[in-house]
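Novice: Got a predicted structure plus its sequence, pasted below:
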Amino acid sequence: MTAMLATGPVEGSPRDLRSIAALVHAHAGIVLPDAKSTLVFSRLSGPFRRSGLPRFADYVARLETDEAARREAIEALTTNHTGLFREAHHFDHVAADLRPALMAKLRAGGRVRLWSAGSSSGEEVHSLAVTVLGGDPAEGRLIAGSDIALLATDINTKVLAVGEAGTYAAAGIDAIPAPLRIWTEAQGDELRFRAEVRRLIRFRQLNLLAAWPIRTGFDAIFCRNTMIYFDEPTKARLIARLCDQLLPGGYLYIGHSERVTGPATAMLEPIGQTIYRKRPA
């Protein structure tokens with residue numbers, strides 16, 4: 001098995017792959033089958049080169065004890081394929097069903113909390129934020145001035161920094177519904193979400209398998225295309241924990257190839273394509 005570096009190929013053994021897979025599963029819950037060997041060694045070639053170690057096996061051994069090196073490896077292996085308004089039917093549901101309920105709650109003096117779990121570089125949470133604000137600037141500013149907050153978490157600190165900046169390639173504007181583009185501004189060959197949007201969002205590093213220093217009571221949680229990397233027991237535990245974080249009547253949005261499993265199925269009612277609502281207590 002071979003990983004390509006800028007200076008040439010580096011050999012990775014089946015034993016190296018097994019060790020890396022065990023580490024990543026233990027610390028991030030991600031399953032790395034043997035078929036992913038080329039991807040694993042390719043993505044770890046950069047961290048290995050920067051380590052200055054002579055052999056890839058030495059680098060793998062360092063991952064066992066060096067937390068910083070292990071975090072860098074996990075970040076390198078984290079897939080971050082995302083985009084603005086990806087799986088648009090979820091945002092259609094937010095606009096048609098969730099947003100009116102949130103607005104009524106805010107008008108009555110309530111608080112609104114939304115969570116993008118596995119937020120990657122922030123396209124998802126920014127899409128959610130502008131959908132909630134809507135296409136009327138005056139109404140959107142009233143919403144933004146209410147007790148509303150969005151939490152965006154990911155295990156990968158590098159992508160969180162991108163999300164916090166709120167700046168993306170200008171071509172991304174095409175994915176944003178025209179009425180909602182009022183919440184963006186052009187910056188050369190990039191687009192940036194306006195300050196009113198960015199102020200609503202808190203980006204935090206979080207391992208979904210570790211403890212969550214988070215208050216319960218979310219109106220909606222997006223956890224999309226994250227569980228595909230977990231084994232079935234890990235998925236079931238995660239969904240149960242997410243369900244516990246939801247308010248009764250709150251919504252859970254998951255990825256197109258994911259499904260709800262485990263004990264949480266009794267509490268989550270499917271109401272649309274990969275959309276679930278928590279049943280009343």
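Specialist: All right, it came through fine. What you are looking at is a predicted structure, and each value in this text was computed from that prediction instead of being measured.

Novice: buried set for the longest strand anywhere in the chain?
Specialist: Counting residues, the longest strand found in the chain (DSSP state E) is strand 246-254. Neighbour counts over strand 246-254 (16 or more other Cβ atoms under 10 Å) mark 246, 250-254 as buried. The way it works is simple: take the backbone N, C-alpha and C, and place the C-beta from them, glycine included.

Novice: And the helix or strand where Ser45 lies, what does it pack against?
Specialist: Using DSSP states H and E, the element containing Ser45 is helix 37-51. On a contact count with 3 or more Cβ pairs under 8 Å, 6 or more residues apart in numbering; DSSP states H and E, helix 37-51 meets strand 2-5, strand 8-11, helix 14-28, helix 56-65, helix 67-77.

Novice: rewinding a little: just curious, which of the buried residues of strand 246-254 is nearest to Gly172?
Specialist: Tyr253 (20.1 Å; Cβ to Cβ).

Novice: Show the pLDDT at the closest one.
Specialist: Looking at Tyr253, its pLDDT stands at 99.

Novice: what do you get for the one 4 residues further on?
Specialist: Model confidence at Ser257, given as pLDDT, is 91.

Novice: hang on, the earlier thing: how about the buried residues of strand 246-254 in JSON lines, adding distance to Pro177?
Specialist: Formatted as JSON lines, the buried residues of strand 246-254 follow (distance: Cβ to Cβ, whole Å):
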{"residue": "Leu246", "distance to Pro177": "26"}
{"residue": "Gly250", "distance to Pro177": "24"}
{"residue": "Tyr251", "distance to Pro177": "20"}
{"residue": "Leu252", "distance to Pro177": "23"}
{"residue": "Tyr253", "distance to Pro177": "17"}
{"residue": "Ile254", "distance to Pro177": "22"}
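
Novice: Now for those residues: which two are most distant?
Specialist: Gly250 and Ile254 (13.6 Å).

Novice: the helices in the stretch 101-250 of the chain, which residues?
Specialist: 123-133, 137-144, 157-165, 195-198, 232-245 (DSSP state H, counting those that start in this stretch).

Novice: What lies in contact with the fourth one?
Specialist: With contacts defined as Cβ atoms under 8 Å, 6 or more residues apart in numbering, helix 195-198 is touched by 126, 129-130, 133, 140-141, 144, 164, 166, 183.

Novice: 10 Å - rerun?
Specialist: Applying Cβ atoms under 10 Å, 6 or more residues apart in numbering, the contact partners of helix 195-198 are 122, 125-126, 129-130, 132-133, 137, 140-141, 143-145, 150, 163-167, 180, 182-185, 192.
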